[in-house]
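**Student:** Model the structure of this input:
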Amino acid sequence: MKPRSSRHATFVIERKYAASPERVFAAWADPAVKAAWFNGPRTWLKEGYVLDFRVGGREHLRTGAPGGEVHQYDCYYQDIVPEARIVYSYDMHIGELRISVSLATVEFRADGEGTLMKFTEQAVFLDGYEDAGSRERGTQELLAKLAAALETS
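**Tutor:** Numbers count the residues shown, from 1 in each chain. A predicted model of the protein is given here:
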C-alpha cells in the first residue's frame, strides 16, 4: 500500500486592480469572463468548464497538456457576499490521484479608483504531492490573467 501523508500550506496574495470592486467581483462570477482568465497555458486542452456561481453552486474544469495527464478542478461555493467576499472549497486531481483539498477566500475592498483583492488559500496536499510553491505560483499567474481580462473588458 502506498504511504499516506498530509502536508498543510497557507498562502496569501494581495493584488491591486484598476477596476471597481463590482467589476473585479463580476470577473469571478460571470462564466464567460472567468473562462477567459481561469485556465492553464494556452496550449493546454480545456474540457467541460462549468460555473454555477451561487452558494451551493459548483465549478468544474478538466485541463492538461495534449497527450499528458488530465488535471481536474472541482469547486463548491460555500459563501458569497456580492462585491465583498467569495469562499469556496475545491479539490484537485492529476489523473486519478487526488493531490489536494483547499479552502479559498477572496476578499474585495475599494482602494481609491480601484480594488484591493486579498486571496487566501489553506490547502492540504495529499499522499506525497507536496508542491505548495507551484500552487501559489499558479495562482499568481491566474491573478495576472485576471488583471489582463479586466483591462480588455
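
**Student:** Okay, buried residues for the lengthiest strand in the chain please.
**Tutor:** For the chain, the longest strand by residue count, based on DSSP state E, is strand 97-111. For strand 97-111, burial by neighbour count (16 or more other C-beta atoms under 10 Å) applies to 99, 100, 101, 102, 104, 105, 106, 107, 108. Where C-beta positions appear, they are placed from N, C-alpha and C, glycine not excepted.

**Student:** How about residue 111, nearest residue that isn't a chain neighbour?
**Tutor:** In space, and not counting its chain neighbours, residue 111 is closest to residue 16: 6.3 Å by C-beta to C-beta, 6 or more residues apart in numbering.

**Student:** got a list of what that neighbour touches?
**Tutor:** By C-beta atoms under 8 Å, 6 or more residues apart in numbering, the residues touching residue 16 are 111, 114, 115, 116, 117.

**Student:** can you put the residues you listed in TSV and add pLDDT, distance to residue 48 and secondary structure?
**Tutor:** Output for these, formatted as TSV (pLDDT from 0 to 100; distance: C-beta to C-beta, whole Å; DSSP: H, G, I helix; E, B strand; the rest coil):
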residue	pLDDT	distance to residue 48	secondary structure
111	96	36	strand
114	96	33	strand
115	97	30	strand
116	98	33	strand
117	98	27	strand
